[in-house]
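> let me see the structure of the following:
(chains A and B)
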Amino acid sequence: MRSSARLRGRAVIAAAAALLPLTACTQAEPTETLDVLAASSLTGAFDALEAELEAAQPGVDVRISYGSSTALARQVVEGAPADVIATADARSMDAVVDASAVRAPTAFATNTMVLVQPSGAPQLRDLADLATVDFVMCVGSAPCGAIAQQLLDDNDVAAAPRSLEPDVRAVLAKVTSGEADAGLVYRTDVRAAGDAVAAVQIDGAAAATNTYEIAAVLGERSAPSDLAEEWVALVTGPEGRRVLADAGFGLPPEPAAGAAAEEVTP
Amino acid sequence: MSAGAALGRPPVRLLLPAGLAVAFLVLPLVGLVARTPWSDFWSVVTDPQVLPALRLSLVVATTTALCCLVLGLPLAWLLARVDLPGRGALRAVVTVPLVLPPVVAGVALLAALGRTGLVGAPLRDVFGFTLPFTTLAVLLAHTFVALPFFVLSAEGSLRALGAEYDAAAATLGASRWHTFRTLTVPLALPGIGAGLVLAWARSLGEFGATITFAGNYPGVTQTMPLLVFGELQRDPPAAYALSLVLLLFSVAVLVLLRERWLRPATGAVG
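Residues are numbered from 1 along each chain as shown, chains lettered A, B, ... in the order given. Predicted coordinates for the structure are as follows:
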């Protein structure tokens, strides 16, 4: 009895070992991977660009990690193995630039804040109405939080939020799930949430836009990878601009033709 | 104690992993102390947002421990001393928050007690009262995650000690409540004490369920771990300093209670 049990055990192990190579057969091994750190508000747009790049270059695997710009910047400064970083404002990118971790960043989009509520809720007219509801916004250290606080101050709104969420998508989630009556998010997040939310324009928001910046990380070889430069070119080029505009982002003026413009012009 | 000498030297193949374990546990703490900005320490610690967070953390931790005592001791007694059908299943249910990732615990609490939750929605419709974003929500989240720690510790103690005296007390005419009060609890005190310390410590370090269910607002729901998380993004050296403060508090409590509660129960009566 004991020897048959041992034989059965060995047969199981042999079968498992024989099946092991099959795990690699599900798809072609990626020849190159690209690690992108992006502000959470870029979720839909960057996913679309990822699909385009992977379709154009099979064998390339783009891995995007979304989060709060300040947290991502800290990760790059601490040496996280990222190839590209895209932040929601210049202040977060400054931290990375100051640490000499990136090439000169490029501005590639702008965004505007709006007030959102779950669709179907009695509509607020402006920021002053926030005193009557439970609203949430981003924590002050995140780009969305800084702008939200600035808009509240500009409009003389004394009401305080019920919670300070780590990033803008967390704010949106609180509103769409019904846990908060209102939230301060980007215009692009409203488009991403579709029918679940209704937006209210904010006075002065158009003047308080934030500028998204993207940069290739220098890494250990003190030079960005070719793939990283390709991604930056994709995002700042015509295709990237189209995808970003569709998502609701504002766009900076077109770069001059033959665009290593920043180094060419004196 | 002297029997140890007769057993010979401890084997290297046990000493080596044990030494590795100690190094692994101590290294992060040493790193924390080493990277704390001592020159700015005082200014970081006296920042206006630190005191509310520290006070909230300590108050909620103590209240959590008390809630665990009030709710958990009867439950532990039930599991240890009463022959219920399905006792095993009940014990498994009690253990679930122990293995649940804290953020998942927060999501589950929202599903039950959030504004649109199973109990939270009627609560809002009838009383106009919502739990998320309140300090009470912090307490609920902490009690949810800490209760299993207390129950398991107290139950272990209750099962191991004194069960044989219940019958003797009954023949002498004591009611079950009297027996519980005067005999069972004093015998199980070390286990109960250890459970309280565990619950207190678990509450002090709780993050995921708090930020998901209760939210994050200074003075109301922002406990020390939430403050450290926020500071880590804004001002990392400040985060190190605050982490050290939290560590010192935890160590102080453990040291204070070491002799009285954390000594393993010997089983002696009285």
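> make it CA atoms for all contacts and neighbour counts henceforth
Noted.
> which strand or helix spans the most centrally placed residue in chain B?
Centroid-nearest residue in chain B: residue B:199, 2.0 Å away (criterion: C-alpha atoms, centre = their mean). Residue B:199 is located in helix B:185-205, with elements delineated by DSSP states H and E.
> how far does whichever helix or strand comes after that helix sit from the chain's center?
The helix or strand immediately downstream of helix B:185-205 is helix B:208-209, counting by DSSP H and E. Relative to the centre of its chain, helix B:208-209 is centred 14 Å away, using C-alpha atoms, centre = their mean, to the nearest Å.
> so is helix B:208-209 next to chain A?
No. Helix B:208-209 lies apart from chain A when judged by C-alpha under 8 Å from any C-alpha of the partner chain; the minimum separation is 12.1 Å.
> could you look up the SS state of residue B:222?
Secondary structure, DSSP: H, G, I helix; E, B strand; the rest coil: residue B:222 is coil.
> and for the closest residue in space to it that isn't next to it in sequence, the neighbour number?
Spatial nearest neighbour of residue B:222, chain neighbours left out: residue B:216 (4.9 Å); criterion: C-alpha to C-alpha, 6 or more residues apart in numbering or on different chains. Residue B:216 is flanked by 27 other residues according to other C-alpha atoms under 10 Å in any protein chain shown.
> did I read that right, residue B:216 in a helix?
No. If the criterion is three-state DSSP, then residue B:216 is coil and not within a helix.
> and it, its phi and psi?
phi -140, psi 100 (degrees, to the nearest 10).
> ok, residue A:108 next?
phi -130, psi -10.
> return the residues in contact with it.
Going by C-alpha atoms under 8 Å, 6 or more residues apart in numbering or on different chains, residue A:108 touches A:211, A:212, A:213, A:214, A:235, A:236, A:241, A:251, A:252.
> again, only this time at 7 Å
Counting by C-alpha atoms under 7 Å, 6 or more residues apart in numbering or on different chains, residue A:108 touches A:212, A:213, A:214, A:236, A:251, A:252.
> isn't the residue nearest to the centre of chain B up against residue B:150?
Yes. Taking C-alpha atoms under 7 Å as the definition, residue B:199 is a contact partner of residue B:150 at 5.9 Å.
> what sits in contact with each of these two?
With C-alpha under 7 Å, 6+ apart, residue B:199 and residue B:150 have no common neighbours.
> tell me which residues of the helix or strand where residue A:190 lies come out buried.
Element membership of residue A:190, judged by DSSP H and E, is helix A:187-193. Residues of helix A:187-193 classed as buried by neighbour count (16 or more other C-alpha atoms under 10 Å in any protein chain shown): A:187, A:188, A:189, A:190, A:191, A:192.
> now chain A against chain B: closest residue?
Nearest residue of chain A to chain B (C-alpha to the nearest C-alpha) works out as residue A:163 at 4.8 Å.
> do you know how far that residue is from residue A:66?
21 Å (C-alpha to C-alpha, to the nearest Å).
> neighbour count winner among the two?
Shown here are residue A:163 and residue A:66; by other C-alpha under 10 Å, residue A:163 has more neighbours (28 against 19).
> just checking, the more buried one touches residue B:215?
Yes. The pair residue A:163 / residue B:215 is scored as a contact, 5.1 Å apart, by C-alpha under 7 Å.
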